[in-house]
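Q: build the 3D model from these lines:
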Amino acid sequence: MTEIQRILDQMLRAHEGDAWHGPSLREALDGVTAVEAAARPVPGAHSIREIVQHLAAWEDTLLRRLAGEPLREPAEGDWPRAATAGEDEWQALLGRLDERARRLRDAVSALDDAGLDEPPYPGTATRYATLHGAVQHTAYHAGQIALLRRAVRAGSAA
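A: Now for the predicted structure:
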């Protein structure tokens, strides 16, 4: 197995499932409604929706970085402002997240191991560090979402 194949495996596990650490991002989001996604059960914390918007924005930014665009942060900002939205908009956002994750994996699959020690463009982390960072970023936010989902549902049961 090549290093690219290993990275792709970890990206897929962090996003889709069978991650060693617990629920993947999509498993943590499974069944979350638009109302739950917008809730703020922890004062001062981001909502699930804001985290999903953040992840989608960064996956697109990483895809564009790998293509050589010198981006420091997403065009819509690090934490895009969450608009109040209904179930249709929430489902569309989840679809956008999945699409961006798939496109990022497609771009990674076109790389070869020899280029992993090089940055996508001068002054940035290597592709290796960037891609492993993307896996860590997904796992980190999946954990936050799992906790927020539990807090939202505990609050509605009270």
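
Q: for the lengthiest helix in the chain, which positions count as buried?
A: As assigned by DSSP state H, the longest helix anywhere in the chain is helix 127-157. When burial is assessed from 16 or more other Cβ atoms under 10 Å, helix 127-157 yields the following buried residues: 127-128, 130-132, 134-135, 137-139, 141-142, 145-146, 148-149, 152. All C-beta spots, glycine's among them, are computed from the backbone N, C-alpha and C.

Q: what separates Arg100 from Val108, distance-wise?
A: Separation of Arg100 from Val108 (Cβ to Cβ, to the nearest Å): 13 Å.

Q: same check on Ile7?
A: From Ile7 to Val108 the distance is 6 Å (Cβ to Cβ).

Q: quick one, phi/psi of Glu16?
A: phi -100, psi -40 (degrees, to the nearest 10).

Q: do I have it right that it meets Leu29?
A: No. At 11.1 Å, Glu16 does not count as touching Leu29 under the criterion of Cβ atoms under 8 Å.

Q: if you count what's nearby, which of those two comes out ahead?
A: Legend: neighbour count by other Cβ atoms under 10 Å for Glu16 and Leu29, higher for Leu29 (22 against 16).

Q: so where's this protein shaky on pLDDT?
A: Scanning the chain for pLDDT under 70 picks out the ranges 82-84, 156-158.

Q: pull the contacting residues for the residue nearest the centre of it.
A: Centroid-nearest residue in the chain: Leu55, 3.6 Å away (criterion: Cα atoms, centre = their mean). If a contact means Cβ atoms under 8 Å, 6 or more residues apart in numbering, then Leu55 has Leu25, Leu97, His137, Thr138, His141 as its contacts.

Q: let's go with 6 Å and repeat that
A: His141 (Cβ atoms under 6 Å, 6 or more residues apart in numbering).

Q: in which helix or strand would I find it?
A: Assigned by DSSP states H and E, Leu55 belongs to helix 48-66.

Q: and what of Arg100?
A: Secondary structure assignment for Arg100, by DSSP H and E: helix 87-109.

Q: from the contact counts, what lies against that helix?
A: Using 3 or more Cβ pairs under 6 Å, 6 or more residues apart in numbering; DSSP states H and E, the elements in contact with helix 87-109 are helix 3-15, helix 34-38, helix 48-66.

Q: lovely, talk soon.
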